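J.: here is a sequence together with a model predicted from it:
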Protein chains: 2
Amino acid sequence: MSNDKKAKKTAITPTRAENYAEWYQQIVRAADMAELSGVRGCMIIKPNGYGIWERMQKDLDRRFKETGHENCYFPLFIPLSYFQKEAEHVEGFAKEMAVVTHHRLKAVDGKLVPDGALEEPLIVRPTSETVIGTAMAKWIKSYRDLPLLVNQWANVVRWEMRPRLLLRTAEFLWQEGHTAHETYDDAMAEAKKMHDVYRAFAEEVLALPVICGEKTANERFPGAVNSFSIEAMMQDGRALQAGTSHYLGQNFSKSLNIQFQNRDGALEYVHTTSWGVSTRLLGALVMAHGDDNGMKVPPRLAPWQVVIIPIVRNDSEGDKIHTYCEALCSALSAQTYAGEPVRAKVDRRDIPNTEKKWDWVKKGAPLVVEIGPRDVEGNKVCVQRRDLLDEGKQFLEREAFVAAIAGMLADIQQGMFAAAKTFMEERTVTTIKTRAEFEAYFSKDADNSFVSGQGFVRAKWSGDMDSLALLDPMGVTIRCVPFDQDGREGTCVLTGKPATQDVIFARAY
Amino acid sequence: MSNDKKAKKTAITPTRAENYAEWYQQIVRAADMAELSGVRGCMIIKPNGYGIWERMQKDLDRRFKETGHENCYFPLFIPLSYFQKEAEHVEGFAKEMAVVTHHRLKAVDGKLVPDGALEEPLIVRPTSETVIGTAMAKWIKSYRDLPLLVNQWANVVRWEMRPRLLLRTAEFLWQEGHTAHETYDDAMAEAKKMHDVYRAFAEEVLALPVICGEKTANERFPGAVNSFSIEAMMQDGRALQAGTSHYLGQNFSKSLNIQFQNRDGALEYVHTTSWGVSTRLLGALVMAHGDDNGMKVPPRLAPWQVVIIPIVRNDSEGDKIHTYCEALCSALSAQTYAGEPVRAKVDRRDIPNTEKKWDWVKKGAPLVVEIGPRDVEGNKVCVQRRDLLDEGKQFLEREAFVAAIAGMLADIQQGMFAAAKTFMEERTVTTIKTRAEFEAYFSKDADNSFVSGQGFVRAKWSGDMDSLALLDPMGVTIRCVPFDQDGREGTCVLTGKPATQDVIFARAY
């Protein structure tokens, strides 16, 4: 991008460089994805955001079913007594739970107040290990009932004092897989398999490169033995945990008494796993792919992959142009991309054409096509690729465009992944060896990391948990111990002690 | 059915005739659709039930999108102050609301108790008019923003003192459409259009005939001006309200201040509608289609339309039979029914064959195919239609069966609808003219209505609301004022006064 273009007015104010946090708020608003509601810490997911979430659901759901899982639905409410059975688990969530204490209202002096106190308070689920585990204890009798592989699509509530739209809200939507197995090996294989399903989904569908690894003990899910995550990099260099998969060992099966008769006739506790991704992925998409002109939605997820805008300047040409647009829309819809019909629409809203075009740029539609009278005459289309906004419009033969549509969408999808991958690689530093270098790298104010170029530091760490305190003043955490390790001896970047294990350090959402 | 066959042992005990209410519980359990959880009044929807719900969702969602609606997601929690703005609305729901009063737990003497009292209690949504209306008030500025057509798929909570699995539980899943319009005409047309979408869905997909009509004032949704419903008949002759669509007038727009600038530049209140169906439709399916051998799932909704059971009696023939079954499964899956690939699966579970077959009979799979060594040799299939269980198995040529599969499924779907329609027509009495006849008809104990043959009474009613008190001792209500009216003068069946309007009287779920 030339300096000239950089100075150009952008559709989103402020730009990423000017104020990254505010840019994020503005883009979510401009792309009409979500907004905070009047209900404390809760959000409204608007059609443009929900449409993307529906495509994520559809793709993930197919992957879950292909790996043998069935969908169920479990209660929203969890009796406090269930939750208390697993000590670490309740400890981890106690400070952020919505508690139901009454089951009706009554009028007192003309004012409605809670009435009908419950004998036992109910927790609005922050996660469902305990309520699903209680059902598993009932359902599982023998090894023949294993593996038990279920998933649910649900809302969960974790009270947030400082909500951040799509990334951290009191209520969010997610899926949670829960499985039970005969052996450690089976359960661990499941936890890793679903972790890899998330990786493939992130890369192929979200166009989001991720680092796969295991969480350190302090960052584990409350009650888990091992937590695996996929970590993505946002454009301010921060990490965003985009999905987690947990091996829960026999912690929950022992506290909830999930036993089975094994192949030798003896009673044993099952090994369980759980794994989830949430609507925070919508926030990740914005932060990974958005630019100073708005959102960029990967074609695999775009509610509308091609938006056709009729450019009608006087009434007499209107019919001809609309007919041409509808025919083009039908021709595109008859094409297939990624196993589904191309999603094309004609936008005939009664608003100015420029405003309409920029509306779709901000919403991140992969392709915007403008059709004026000369295009109709010449059998052409004027195409703007969202990923090549700076390169301007292309004028193409109509038939050639229709024939090329799947390839063009694939190219955009692939290009978005490649760009995000290059970004992550360029912002991952592997040369920092000492604490002084490390502190110098992270010395800048976190809010400036879009400008400062900070990102991930990949370095050796001794495993000494006490050393993590050194990270606190910098607001840095260990994101994961990546699976790919060189195994070479080196020195811990925090303590200088001998260390062989590489970890990823970063600030995180 | 011969008397001989009637005496046969059935898969479900008790039968409908022996104890209808208990039969219902047993069938839901045997078909593995749902169960009550340990959480008061809340249910677990199991894979076989949830799989049917997913197909309902998919079909309805397509119909909603085809009629121009977009999906959104709104907060689970509604501040008490929102709810209080519409007087009838809060009055209607105040006695059955789960109330969140705290946002964390703390330990007191080693026991966790609610902590962090909220300034304003939050209601767990029993329905979302107020929270969505509050958002609409922000979003709608001008007539250009109308109509606003949104829908959400969500869980809702209405505290139930006497839960009944799938039909009446504290928490259930549903969709709720909410729309805003410029005029009375537009909003009324929308309410009626969605009512008709429900009718078409019930008839075409659920194989459920319904009566379309308007609710009387006492049965309206709290806050509605007009409530339209589809009413289905269960096999005990009771009515089940299977879907409702409401014209809400300007009640919510006035209380929540949803105004728009009209085409003349003046401020006006919008007219709103809302409409919904819920997981109680799963209960309706059981009660409308189930028999004494279990569930019957309409092919359009069946998670598995054809289940293939390999009958292997000795190990040496196993490979050949399994290969044949898999090839058959692939051939069936390559066929199309109702616009989708046929859903066929081979059940290779390690349980006895008879148990396996009856498991699928109880779950209601439309077709069960058994494949033994002789079928493999003769290139045949042994097919059991769930709807023709008493007629026994058919032996068909494999290729002929594959070629006929779509037609066979269509025939089952159509046959189930026709049977339910005949049942409803036969149990709808139109000859009762006096209160004495009416009371004699409904004199039997409600629990015996499967045996007694009670159902709907279609008769004239004067519209005198006081006369409804006469129905209370019988547990009867007016289900609706059907759209199709003969308009003839007659006398009210309750009061003997002149009346022209036909209504449907029934006991109801």
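T.: Yep, that arrived.
J.: so residue A:346 touches residue A:330, yeah?
T.: No - using C-beta atoms under 8 Å as the test, residue A:346 is too far from residue A:330 to be in contact (9.9 Å). To be clear about C-beta, it is placed using only N, CA and C from the backbone, and glycine gets the same treatment.
J.: top helix in chain A by residue count?
T.: Assignment by DSSP state H gives helix A:398-426 as the longest helix of chain A.
J.: which neighbouring elements make contact with that helix?
T.: strand A:226-233, helix A:280-289, helix A:315-333, strand A:336-337, strand A:367-371, strand A:380-385 (3 or more C-beta pairs under 8 Å, 6 or more residues apart in numbering or on different chains; DSSP states H and E).
J.: the longest strand belonging to chain A near chain B anywhere?
T.: Counting residues, the longest strand found in chain A (DSSP state E) is strand A:111-124. Yes - using C-beta under 8 Å from any C-beta of the partner chain, strand A:111-124 reaches chain B at A:112, A:113, A:114, A:116, A:121, A:122, A:123, A:124.
J.: list the buried ones in that strand?
T.: For strand A:111-124, a neighbour-count test (16 or more other C-beta atoms under 10 Å in any protein chain shown) marks A:112, A:114, A:115, A:116, A:118, A:121, A:122, A:123, A:124 as buried.
J.: same deal with stretch A:184-192?
T.: Across stretch A:184-192, burial judged by 16+ other C-beta under 10 Å covers A:186, A:187, A:188, A:190, A:191, A:192.
J.: pretty sure the second one is in a helix, no?
T.: In other words, residue A:187. Yes - applying DSSP: H, G, I helix; E, B strand; the rest coil, one finds residue A:187 inside a helix.
J.: what's the closest non-adjacent residue to it?
T.: Distances taken as C-beta to C-beta, 6 or more residues apart in numbering or on different chains put residue A:271 closest to residue A:187, at 3.6 Å, once the chain neighbours are dropped.
J.: picking up where we left off before, farthest-separated two in the residues of strand A:111-124 next to chain B?
T.: Farthest pair in these (C-beta to C-beta) is A:112 and A:123. Separation: 23.5 Å.
J.: thinking again about what came up before, and the longest strand of chain A, what other elements does it pack with?
T.: Strand A:111-124 packs on strand A:77-79, helix A:80-84, strand A:99-108, strand B:99-108, strand B:111-124, going by 3+ C-beta pairs under 8 Å, 6+ apart.
J.: what sits up against the third one?
T.: The set of residues external to strand A:99-108 that reach it, using C-beta atoms under 8 Å, 6 or more residues apart in numbering or on different chains, is A:77, A:112-118, A:121-124, B:80, B:90, B:94-105, B:114, B:121, B:123-124, B:159.
J.: buried residues, that strand. List them.
T.: In terms of neighbour count (16+ other C-beta under 10 Å), strand A:99-108 has its buried residues at A:99, A:100, A:101, A:102, A:103, A:104, A:105.
J.: what comes into contact with stretch A:211-218?
T.: For stretch A:211-218, contacts defined as C-beta under 8 Å, 6+ apart pick out A:195-196, A:199, A:221, A:226-232, A:244, A:456, A:465, A:468, A:478-483, A:503-504.
J.: starting at the chain centroid, how far to it?
T.: Mean C-alpha position of stretch A:211-218 versus that of the full chain (C-alpha atoms, centre = their mean, to the nearest Å) differs by 17 Å.
J.: export that stretch as CSV, just CAs?
T.: What follows is stretch A:211-218, C-alpha atoms only, in CSV (Å, rounded to 0.1, in the frame of the first residue of the first chain):
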residue,chain,number,x,y,z
ILE,A,211,-1.1,-22.8,17.2
CYS,A,212,-2.0,-26.2,18.6
GLY,A,213,-0.8,-27.0,22.1
GLU,A,214,-1.5,-27.8,25.7
LYS,A,215,-2.3,-25.3,28.4
THR,A,216,0.0,-25.0,31.4
ALA,A,217,-1.5,-26.2,34.7
ASN,A,218,-2.5,-22.7,35.8
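J.: what mean pLDDT does it get?
T.: Average pLDDT, stretch A:211-218: 97.
J.: below-threshold pLDDT in the stretch 1-150 of chain A: ranges please.
T.: A:1-7 (pLDDT under 70).
J.: show me where it has its strands.
T.: Assigned by DSSP state E, counting those that start in this stretch, the stretch 1-150 of chain A shows strands spanning A:34-36, A:43-45, A:70-71, A:77-79, A:99-108, A:111-124, A:148-157.
J.: tell me which of these sits nearest to residue A:444.
T.: Comparison of the strands of the stretch 1-150 of chain A against residue A:444 by C-beta to C-beta identifies strand A:34-36 as nearest, at 28.8 Å.
J.: so what strands line up beside that closest one?
T.: strand A:43-45 (antiparallel) (DSSP bridges).
J.: what bridges to the residue nearest to residue A:187?
T.: residue A:181.
J.: residues contacting it?
T.: Applying C-beta under 8 Å, 6+ apart, we find residue A:271 in contact with A:180-184, A:186-188, A:247-250, A:253.
J.: ditto for residue A:335
T.: With contacts defined as C-beta under 8 Å, 6+ apart, the neighbours of residue A:335 are A:341, A:342, A:402, A:405, A:406.
J.: so who does the fourth one touch?
T.: This means residue A:405. A:306, A:332, A:335, A:337, A:342.
J.: just the CA atoms of the longest strand of chain A, as PDB, please.
T.: What follows is strand A:111-124, C-alpha atoms only, in PDB (Å, rounded to 0.1, in the frame of the first residue of the first chain):
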ATOM      1  CA  LYS A 111     -44.200  -3.100  43.100                       C
ATOM      2  CA  LEU A 112     -43.300  -6.600  41.800                       C
ATOM      3  CA  VAL A 113     -40.700  -8.400  43.900                       C
ATOM      4  CA  PRO A 114     -39.300 -12.000  43.800                       C
ATOM      5  CA  ASP A 115     -41.400 -14.500  45.500                       C
ATOM      6  CA  GLY A 116     -41.500 -18.300  46.000                       C
ATOM      7  CA  ALA A 117     -38.000 -18.900  47.300                       C
ATOM      8  CA  LEU A 118     -36.400 -22.100  46.100                       C
ATOM      9  CA  GLU A 119     -35.200 -24.600  48.600                       C
ATOM     10  CA  GLU A 120     -32.000 -25.000  46.700                       C
ATOM     11  CA  PRO A 121     -30.600 -22.200  44.500                       C
ATOM     12  CA  LEU A 122     -30.100 -23.000  40.800                       C
ATOM     13  CA  ILE A 123     -27.100 -21.900  38.900                       C
ATOM     14  CA  VAL A 124     -27.600 -20.800  35.300                       C
END
